[in-house]
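Asker: Sequence first, predicted coordinates after that:
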Amino acid sequence: MLSTLASHPCTNRPSLPFPLRLSPPPFVPLSRHRLPLHSCHSCHSCHASPSSLPNSSASLSLSQSNSKPHPPPPPPTTLKIAIIGFGNFGQFLAKYFSQQGHTILAHSRTDYSSIANSLDNTIFFKDPHDLCESHPDVVLLCTSILSAEKVLRSIPIQRLRRSTLFVDVLSVKEFPRSIFLERLPPDFDIVCTHPMFGPESGKYGWNGLPFVYEKVRIGDSHERVSRCEAFFNIFKKEGCRMIDMSCKEHDEIAAESQFLTHTVGRVLAEMRLKPNPDDSMGYDTLFQLIENTCSDSFELYYGLFMYNKNSTDLLDRIYAAYEEVKKDLRRMVQGILRRRLFGTTGVGELEDPAARCEAFLESFNKEMVDLDENATGVHFVALTIGMILAKLGLKPTSIATKGYETLLKLVEDISSESFDLYIALFMHIKNSNELLDQLDISLAKVRTELYGRLHDILRRQLFDQPGIISNGRTRM
Ligand code: NAP
């Protein structure tokens, strides 16, 4: 490995514009201090360039011409993986990759050298040219959704081996698929993936967590196929649930559920609810949801908003569902009060929801005199969110994140807990109206943040750098 990294491509292969060997040599762990940087930026003859590359079948026929038939070698056990975008998620992946013995070549807008130094087999490259000249097997795009196109453009792909495998981990999938196909030369392999977990939801391991992928373009050669397998093996080894799904299908299923999950997490976080140390009602998962979504950057949330065409509509539907829940609640409370003031409505007692609810209230009040205010408040807010989600008609999906599973569970719980209990909690808690107002304010705040950002970016593009909007895409 050291010699592969150290050798200048010109001296070894003066007449060939690309290396003949597609599979990497066996991995030998290196001290990062001994990894030399290849910095001959002016030398183009020894690197792949999108326009000057001969096609890959030529390279393969050369490499295979003298070989006798023999069983194909197993996939390489270690890979040299470049992580472009070494932020929250990039570092999280790097820890697992390096623990499995892979070599990590990291690059990011920010200098993360010291973090890279704290990981095994990891080196940080301030200059992407140096990184590309170290010829990674895999380039993993791990930047924010919004910066992905700009960052991809900034990678000097002409310095990579032309057989390089490009992978992305963006939380939306059709967008990276289309920029990869648009930007990368046809010899590069492409895989689009979405590990559907993050540093919080995957902090105790990845076992059983969904890893969605589409092999967009993988060359036929054994080396290319087995390199892709070797990359997938990283996730298989950790126990991920591997789901082969097209980017289109992923976005149809996941875009809405992810955006909804993050919105609920952020709205609840705005409410600053306090967890109850003796939570007997099972709402610890709700606090986990808050933690999981809010430990992700606003940038990520905004990316989910921008790249889900239904997000504005979904925000409106959340508002409308919330208004309906409040209307149901107030109608019922008024019904009970009217019964008390004016007696029965003439409807049979069993068919009158207000009568049934009043009876429930009386028994509830007798039994629940000592309820903890905070715990009851959390329960009430959780039920409100559950009611809103039920009105939105959430559906289970095969690729649910842990957060979305929490939302589905909430809906399931409220279908077994009757609306009567909801009214009872509303009446029992002194500040329940305040809690509803807080929820209103939090929802509005999150929405304003999203639209404010949208307004800001568009204004900057229109007035600071007119003409920068192209292909209908918003650039950072
Ligand atoms: P993020 O906020 O979505 O992305 C942060 C990364 O983007 C950092 O590496 C940052 O670089 C880079 N970046 C942001 N703006 C940039 C710009 N203008 N120019 C260049 N680089 C820029 O947070 P993340 O959690 O690390 O996510 C990274 C990617 O993984 C995203 O595409 C996300 O959708 C995906 N993903 C995340 C999770 C998760 O749970 N976090 C799960 C699955 C997939 P610097 O740090 O150097 O500034």
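Answerer: Looks like it arrived, so ask away.
Asker: drop to CA atoms for contacts and neighbour counts, all remaining ones
Answerer: Noted.
Asker: Would you agree Val446 is in contact with Gly265?
Answerer: No - look at Val446 against Gly265 with C-alpha atoms under 8 Å: they stay out of range, at 10.4 Å.
Asker: Which of these two has more residues huddled nearby?
Answerer: Higher neighbour count among Val446 and Gly265: Gly265, with 22 against 17, using other C-alpha atoms under 10 Å.
Asker: In three-state terms, label the closest residue to the more buried one other than its chain neighbours for me.
Answerer: Closest residue to Gly265 apart from its sequence neighbours, by C-alpha to C-alpha, 6 or more residues apart in numbering: Ile290 at 4.4 Å. Look at Ile290: counting by DSSP: H, G, I helix; E, B strand; the rest coil, its state is helix.
Asker: measure Ile290 to the ligand for me?
Answerer: Ile290 sits 13 Å away from the ligand, going by C-alpha to the nearest ligand atom, to the nearest Å.
Asker: my read: that residue touches Ala269, true?
Answerer: Yes - between Ile290 and Ala269 there is a contact at 5.8 Å, judged by C-alpha under 8 Å.
Asker: Between these two, which has more neighbouring residues?
Answerer: A count of neighbours by other C-alpha under 10 Å puts Ile290 above the other of Ile290 and Ala269, at 24 against 18.
Asker: So for that one, what's the pLDDT?
Answerer: As predicted, Ile290 sits at a pLDDT of 92.
Asker: ok, now which ones touch it?
Answerer: Taking C-alpha atoms under 8 Å, 6 or more residues apart in numbering, we find Ile290 in contact with Gly265, Arg266, Leu268, Ala269.
Asker: same deal with Ser98?
Answerer: By C-alpha under 8 Å, 6+ apart, Ser98 lies in contact with Ile104, Leu119, Asp120, Asn121, Thr122.
Asker: tell me what the strand or helix carrying Leu329 is packed against?
Answerer: Using DSSP states H and E, Leu329 maps to helix 311-342. The contact analysis (3 or more C-alpha pairs under 8 Å, 6 or more residues apart in numbering; DSSP states H and E) places helix 311-342 against helix 247-271, helix 353-367, helix 373-392, helix 419-428.
Asker: Let's see that with 7 Å instead.
Answerer: helix 353-367, helix 373-392 (3 or more C-alpha pairs under 7 Å, 6 or more residues apart in numbering; DSSP states H and E).
Asker: right, so the ones you listed: which one is the most enclosed?
Answerer: Stretch with highest mean neighbour count among these: helix 373-392 (a mean of 20; mean count of other C-alpha atoms under 10 Å).
Asker: Now Lys215. Its backbone dihedrals?
Answerer: Torsion angles at Lys215 (phi, psi; degrees, to the nearest 10) stand at phi -80, psi 100.
Asker: Could you do Val191 as well?
Answerer: phi -130, psi 130.
Asker: Provide the partner residues of it in its beta bridges.
Answerer: Counting by DSSP bridges, Val191 is bridged to Val167, Lys215.
Asker: Give me the spatial nearest neighbour of the residue most central in space within the chain, chain neighbours excluded.
Answerer: For the chain, the residue nearest the mean C-alpha position is Ser171 (3.8 Å; C-alpha atoms, centre = their mean). Once flanking residues are discounted, Ser171 sits nearest to His194: 5.9 Å by C-alpha to C-alpha, 6+ apart.
Asker: Low-confidence regions, the stretch 1-150 of the chain specifically.
Answerer: Along the stretch 1-150 of the chain, segments meeting pLDDT under 70 span 1-68.
Asker: Would you map the helices across it?
Answerer: Using DSSP state H, counting those that start in this stretch, the helices of the stretch 1-150 of the chain run over 2-6, 9-12, 56-64, 88-99, 113-117, 128-133, 148-154.
Asker: Can you confirm whether the fourth one lies near the ligand?
Answerer: To tie it back to what came earlier, the one meant is helix 88-99. Yes - against the ligand, helix 88-99 shows contacts by C-alpha under 6 Å from any ligand atom at Asn88, Phe89, Gly90.
Asker: For the residue lying closest to the last one once chain neighbours are set aside, list the residues it contacts.
Answerer: Right, Gly90. Here the nearest residue to Gly90 in space, its sequence neighbours aside, is Cys142; by C-alpha to C-alpha, 6+ apart that works out to 5.8 Å. Counting by C-alpha atoms under 7 Å, 6 or more residues apart in numbering, Cys142 touches Ile83, Ile84, Gly85, Gly90, Asp168, Val169, Leu170.
Asker: what's the second one in contact with, if anything?
Answerer: Shown in contact with Ile84 (C-alpha under 7 Å, 6+ apart): Ala106, His107, Ser108, Leu140, Leu141, Cys142, Thr143.
Asker: And for the first one?
Answerer: Taking C-alpha under 7 Å, 6+ apart as the definition of contact, the neighbours of Ile83 are Gly90, Ile104, Leu105, Ala106, His107, Val139, Leu140, Leu141, Cys142.
Asker: Around the ligand, which positions in the protein sit nearby?
Answerer: Residues of the chain lying near the ligand by C-alpha under 6 Å from any ligand atom: 85-90, 108-110, 142-145, 147, 151, 169-171, 194-199, 296-297, 299-300, 476.
Asker: From those residues, list just the buried residues.
Answerer: The neighbour-count test (16 or more other C-alpha atoms under 10 Å) marks 85-87, 89-90, 108, 142-145, 147, 151, 169-171, 194-199, 296, 300 as buried among those.
Asker: now stretch 100-110, how far from the centre of its chain.
Answerer: What separates the centre of stretch 100-110 from the centre of its chain is 19 Å, taken as C-alpha atoms, centre = their mean, to the nearest Å.
Asker: picking that back up, so where does the residue nearest to Ser171 fall, helix or strand?
Answerer: Per DSSP H and E: His194 is located in strand 189-195.
Asker: Mind giving me the packing neighbours of that strand?
Answerer: strand 165-168, strand 210-217.
Asker: outside of it, which residues touch it?
Answerer: Everything outside strand 189-195 that qualifies as a contact, by C-alpha under 7 Å, 6+ apart, is 163-171, 173, 177, 210-219.
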